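> fold the following, please.
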Amino acid sequence: MAATFEEPPRLPEEVLKTLLDRIPETSRQAQALIGPIAEQADKIRHFVDERGWIEAIDNRPSSDTIAAVDGAHAVDSTYAGDFVSAIAVAAEGLTPAGLVGSCRVHSAWSEFMVHDFDLDRLAKVAMIAQELALLTQLPHDIVVLDGSHQTPVVVLNSALASQSERVREYASQLCAEFEVVDNLQRLINSDRVVACPKADASRDLGEYIAKAWATEHGTSLSIPAADKVLAALVLEPGQMFKAFPVSKEWKRLHIAARADSGDVAANQLAHDLDSTIDPLRGLLTFPWVPSVQENQGYRIVPQPTPPLVRTVARGSQARGVQAAPCAPEGEAWTPRCRCSPSWSSGACWPPWLPPSSKRSRPVR
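Residues are numbered from 1 along each chain as shown. Below is the predicted model:
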């Protein structure tokens, strides 16, 4: 039954009050999620430390030059049509290397189009295409890509599988204009590129530790939160987790055009792109570095195929990780790390790094 009022409701005051009244319940839910890990932090830390799964980070400075690429997109709907735009920019780190003068540092694309429900997918393709074009021509020792190596795969697959013929057509044109197939290949093969997701919700590390705990103790270990929460609660400043086996989600990466479209150009492009990303399906290692924010872990994704893998701690100098190519399933993989000479666990896992005791500065 609808509520009745003796006087007109006061908005937004009453909405705010309703939300505030829910704070106790929300707090209990947060406690139920984080509490088990917080209560068991010392026990988990002791368990992983006994097995040598924690090690110190070497903060020795490096002279490597650094640049980063980022982009943005927008779809602005008007009465007559939609304004679709996307940009990409490149910038050097806090200590400029003076190399950007020799290359392009920005790109912009825009179109005014007939209304279409899938134009956001097209805008993302325009953004990714320009990011890849800028990134692959930068001369710096280390180039940081916003997002993971999965990001362009997901974006391209989404656009080419769109129900909109116009979106598929424009996406194919953008891929040709910005040489996306070649640039994606360069991204995957580059030993200079570090892909840096802003957020990560993986729970692989927690599941791995819980499984090891159950095997040894015969009891369950509840780790319901994401790995970044686990790292923040268990590790101390200046430490990281060693490498462990990771999940096989990357093997499911694919790029395919809409099956019922009959779009020859889109299907050929999808086939070429899908062949290009084949090395990513064998990517089994993810370095983790400290977040800009306190009390959070941060993950970066290295290139998968060449032997040199680099990591960048935001606000710190770059450090190199020398690693062998990913080992076949069931075989050992032994990385060698300049920031951690003792890292030789013979496995593959994202080294999780906890928050620093000092707030780090971001790579701008």
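> what's the pLDDT at the residue nearest in space to the middle of the chain?
Among the residues of the chain, the one closest to the centroid is Pro197, at 2.4 Å (Cα atoms, centre = their mean). Note on Pro197: pLDDT of 77.
> that one contacts Leu145, doesn't it?
No - Pro197 is beyond contact range of Leu145, at 9.6 Å (criterion: Cβ atoms under 8 Å). Where C-beta positions appear, they are placed from N, C-alpha and C, glycine not excepted.
> anything in contact with each of these two?
Thr151 (Cβ atoms under 8 Å, 6 or more residues apart in numbering).
> tell me the spacing between Val153 and Gly218.
41 Å (Cβ to Cβ, to the nearest Å).
> err, Ala232, not the other one
28 Å.
> show me what the helix ranked longest in the chain is packed up against.
The residue-count maximum for a helix in the chain (DSSP state H) belongs to helix 23-50. On a contact count with 3 or more Cβ pairs under 8 Å, 6 or more residues apart in numbering; DSSP states H and E, helix 23-50 meets helix 204-217, helix 227-234.
> circling back to that earlier point, out of Ala232 and Gly218, which sits in the busier spot?
Shown here are Ala232 and Gly218; by other Cβ atoms under 10 Å, Ala232 has more neighbours (23 against 7).
> okay, that one: pLDDT?
At Ala232, pLDDT is 83.
> ok so, going back, if you compare the helices and strands packed on helix 23-50, which one is most tucked away?
Most buried of the helices and strands packed on helix 23-50 by mean neighbour count (mean count of other Cβ atoms under 10 Å) is helix 227-234; its value is a mean of 24.
> what residues are up against the spatially closest residue to Phe47 that is not a sequence neighbour?
Ranked by Cβ to Cβ, 6 or more residues apart in numbering and with sequence neighbours excluded, the top spatial neighbour of Phe47 is Trp213, at 6.3 Å. Trp213 is in contact with Phe47, Thr219, Ser220, Leu221, counting by Cβ under 8 Å, 6+ apart.
> quick check: the first one touching Ala214?
No - in terms of Cβ under 8 Å, Phe47 does not count as a neighbour of Ala214; the distance is 11.5 Å.
> what's the burial count for the spatially closest residue to Ala72 that is not a sequence neighbour?
Spatial nearest neighbour of Ala72, excluding adjacent residues (Cβ to Cβ, 6+ apart): Ile87 at 5.6 Å. As a burial measure, Ile87 scores 18 neighbours (other Cβ under 10 Å).
> now the helix or strand containing Ile87, how far from the centre of its chain.
Ile87 belongs to strand 82-92 when elements are defined using DSSP states H and E. Remark: strand 82-92 is offset 19 Å from the chain centroid, using Cα atoms, centre = their mean, to the nearest Å.
> the following helix or strand past it - which strands sit beside it in the sheet, and in what orientation?
Downstream of strand 82-92, the next assigned helix or strand under DSSP H and E is strand 106-113. Note on strand 106-113: by DSSP bridges, its sheet partners are strand 82-92 (antiparallel).
> can you pull the buried residues of the strand it pairs with?
Under the neighbour-count criterion of 16 or more other Cβ atoms under 10 Å, strand 82-92 has Asp82, Val84, Ser85, Ala86, Ile87, Ala88, Val89, Ala90, Ala91, Glu92 buried.
> mean confidence score for that strand?
pLDDT averaged over strand 82-92 gives 96.
> same check, this time on stretch 273-291
69.
> with stretch 122-139 instead?
Mean predicted confidence for stretch 122-139 is 96.
> buried stuff in it?
For stretch 122-139, the neighbour count (16+ other Cβ under 10 Å) marks 122-136, 138 as buried.
> among the residues you listed, which are in helices?
Using DSSP H, the buried residues of stretch 122-139 in helices are 122-135.
> would you map the helices across this structure?
13-21, 23-50, 119-135, 150-160, 165-177, 180-189, 204-217, 227-234, 264-276.
> on contacts alone, who are the packing partners of the last one?
Using 3+ Cβ pairs under 8 Å, 6+ apart as the contact criterion, the secondary-structure elements in contact with helix 264-276 are helix 150-160, helix 165-177, helix 180-189.
> name the residues of that helix that come out as buried.
Per 16+ other Cβ under 10 Å, helix 264-276 contains these buried residues: Ala266, Asn267, Leu269, Ala270, Asp272, Leu273, Asp274, Thr276.
> quick one: which of those residues is nearest to Gln185?
Using Cβ to Cβ, Thr276 comes nearest to Gln185 of the buried residues of helix 264-276, at 5.1 Å.
> shouldn't the closest one be in contact with Leu187?
No - assessed by Cβ under 8 Å, Thr276 is found out of contact with Leu187, at 9.3 Å.
> with adjacent residues omitted, what lies nearest to Asp274?
Asp274 sits nearest to Ile255 (Cβ to Cβ, 6+ apart), 4.4 Å away.
> okay, that neighbour: pLDDT?
In this prediction, Ile255 carries a pLDDT score of 94.
> wait, it sits on Val155?
No - counting by Cβ under 8 Å, Ile255 does not reach Val155; the two are 9.7 Å apart.
> now do Glu14 against Asp274, distance only.
53 Å.
> same question for Leu160.
10 Å.
> okay, and the common contacts of those two?
With Cβ under 8 Å, 6+ apart as the test, Leu160 and Asp274 both reach Ile255, Ala256.
> the closest residue to Arg252 other than its chain neighbours: what's it in contact with?
Sequence neighbours aside, Arg281 is the residue nearest to Arg252 in space, at 7.9 Å (criterion: Cβ to Cβ, 6+ apart). The contact partners of Arg281, by Cβ under 8 Å, 6+ apart, come to Trp250, Lys251, Arg252, Leu253.
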